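Peer 1: With the input below, show me the fold.
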Amino acid sequence: GKRLLATYWADQKNGRTMSVNLNLLLINIGNTRTQVGTFRDDKIHNPESICHSAPERDLEHLLSESFAEVSNKANVMVLISSVNSRAKQNVTQLLRRIEAGPVVVMEEDLSVPVGRQLDPETIVGTDRLLNAAAAFGHLSQACVVVDAGTAITVDYVDGQGTFHGGAIGPGAKTMLQSMHQHAEQLPDVEFKKPDEPIGHNTAQAMLSAVFYGIRGMVRELVEQYAEHAGAYPVVVATGGDADVLFKDYELVEHIVPELTMLGMVQAIKTQMKSDD
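Peer 2: As a prediction, the model looks like this:
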């Protein structure tokens, strides 16, 4: 944890520049999937996602292969962001098995470098904070970050880089599953873009409501945030369903699948600069 982090900082300072030496295994544990990638040569490489329901050997193989990409270099660190405690425990056990480390957990061992204007005692998902930090770090202006996964979050970051929170709703697959489970005549439908806005069969009608409903929710929230802030923010999207939902959608200016990982890298870099 923090002791390993301190040792890593010391090793970095005794070595060469951070941009050369920073070698990371990045693990972003979501509600239903784990995303794994590496950071080396100042770039994120090969981000891949795997469902929590997949066989454990598949996750172990992905972790092992990814760690091998950076383990032949000095000063390797494993960074974990998690919103799923059970999946995090499983990942941690697998990391011990493949002898990867040191392991640093975001918000436990290393704070996310983003200001926060929230109600007291509020607990926010680490991924939301990391997404906000990465988006503002790149844009340096007010923005809205949409994370489209099991849940959809639509968060506002002001022009000073302060995270204000936002809105949380059910994701596309969650909506479809809920309809199937709670309405006897509604089928189990896989999420995709509907063929056209008007559904001429039950499955297409469900897809149309989910697809355009989510787009409409995001647009309304962005407009409300803009009215509150007095300026229209840049909209950035991430998450497993972001491409299907927002590709070629004029409201969303950037789709960044590895946004959470970029936030993890930014946290490390910010800490390194503050310790210089």
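Peer 1: For this structure, identify the residue most remote from the centre.
Peer 2: For the chain, the residue at maximal distance from the C-alpha centroid (Cα atoms, centre = their mean) is residue 200, at 35.1 Å.
Peer 1: Can you verify that one is assigned to a strand?
Peer 2: No. Counting by DSSP: H, G, I helix; E, B strand; the rest coil, residue 200 is not found in a strand; it is coil.
Peer 1: which stretches of the chain have low pLDDT?
Peer 2: 1-21, 72-74, 275-276 (pLDDT under 70).
Peer 1: got the residue ranges for the strands in it?
Peer 2: Under the criterion DSSP state E, the chain contains strands at 23-29, 33-40, 43-51, 76-82, 103-105, 115-116, 143-148, 151-157, 162-170, 234-238, 254-255.
Peer 1: mind listing the helices for the stretch 151-276 of the chain?
Peer 2: 172-182, 202-229, 242-246, 259-275 (DSSP state H, counting those that start in this stretch).
Peer 1: Report the buried residues of the second one.
Peer 2: Within helix 202-229, the residues that qualify as buried by neighbour count (16 or more other Cβ atoms under 10 Å) are 203-204, 206-208, 210-211, 214, 218, 221-222, 225-226. Any C-beta I mention is one placed from the backbone N, CA and C, and that applies to glycine too.
Peer 1: Repeat that for stretch 241-260.
Peer 2: Buried-residue list, stretch 241-260, by 16+ other Cβ under 10 Å: 241, 242, 245, 246, 252, 254, 255, 256, 257, 258, 259, 260.
Peer 1: thought the last one was touching residue 127?
Peer 2: Read that as residue 260. Yes. Contact criterion Cβ atoms under 8 Å: residue 260 and residue 127 qualify, at 5.1 Å.
Peer 1: shared neighbours of those two, anything?
Peer 2: 28, 81 (Cβ atoms under 8 Å, 6 or more residues apart in numbering).
Peer 1: Specify the stretch among the helices of the stretch 151-276 of the chain that is closest to residue 156.
Peer 2: Closest to residue 156 of those, according to Cβ to Cβ: helix 202-229, at 4.7 Å.
Peer 1: Can you give the distance from that closest one to the centre of its chain?
Peer 2: 20 Å (Cα atoms, centre = their mean, to the nearest Å).
Peer 1: relative to strand 143-148, how tilted is that helix?
Peer 2: 160 degrees (axes from the mean of the first three to the mean of the last three Cα atoms, to 10 degrees).
Peer 1: Tell me how far residue 177 lies from residue 271.
Peer 2: 39 Å (Cβ to Cβ, to the nearest Å).
Peer 1: do the same with residue 55
Peer 2: From residue 55 over to residue 271 (counting by Cβ to Cβ), the distance is 36 Å.
Peer 1: Same check on residue 102?
Peer 2: 14 Å.
Peer 1: How about residue 173?
Peer 2: 35 Å.
Peer 1: and if you look at residue 61?
Peer 2: 31 Å.
Peer 1: circling back: dump the buried residues of stretch 241-260 to JSON lines, plus distance to residue 43.
Peer 2: JSON lines is the format used below for those (distance: Cβ to Cβ, whole Å):
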{"residue": "241", "distance to residue 43": "25"}
{"residue": "242", "distance to residue 43": "21"}
{"residue": "245", "distance to residue 43": "26"}
{"residue": "246", "distance to residue 43": "24"}
{"residue": "252", "distance to residue 43": "24"}
{"residue": "254", "distance to residue 43": "17"}
{"residue": "255", "distance to residue 43": "18"}
{"residue": "256", "distance to residue 43": "14"}
{"residue": "257", "distance to residue 43": "14"}
{"residue": "258", "distance to residue 43": "10"}
{"residue": "259", "distance to residue 43": "15"}
{"residue": "260", "distance to residue 43": "16"}
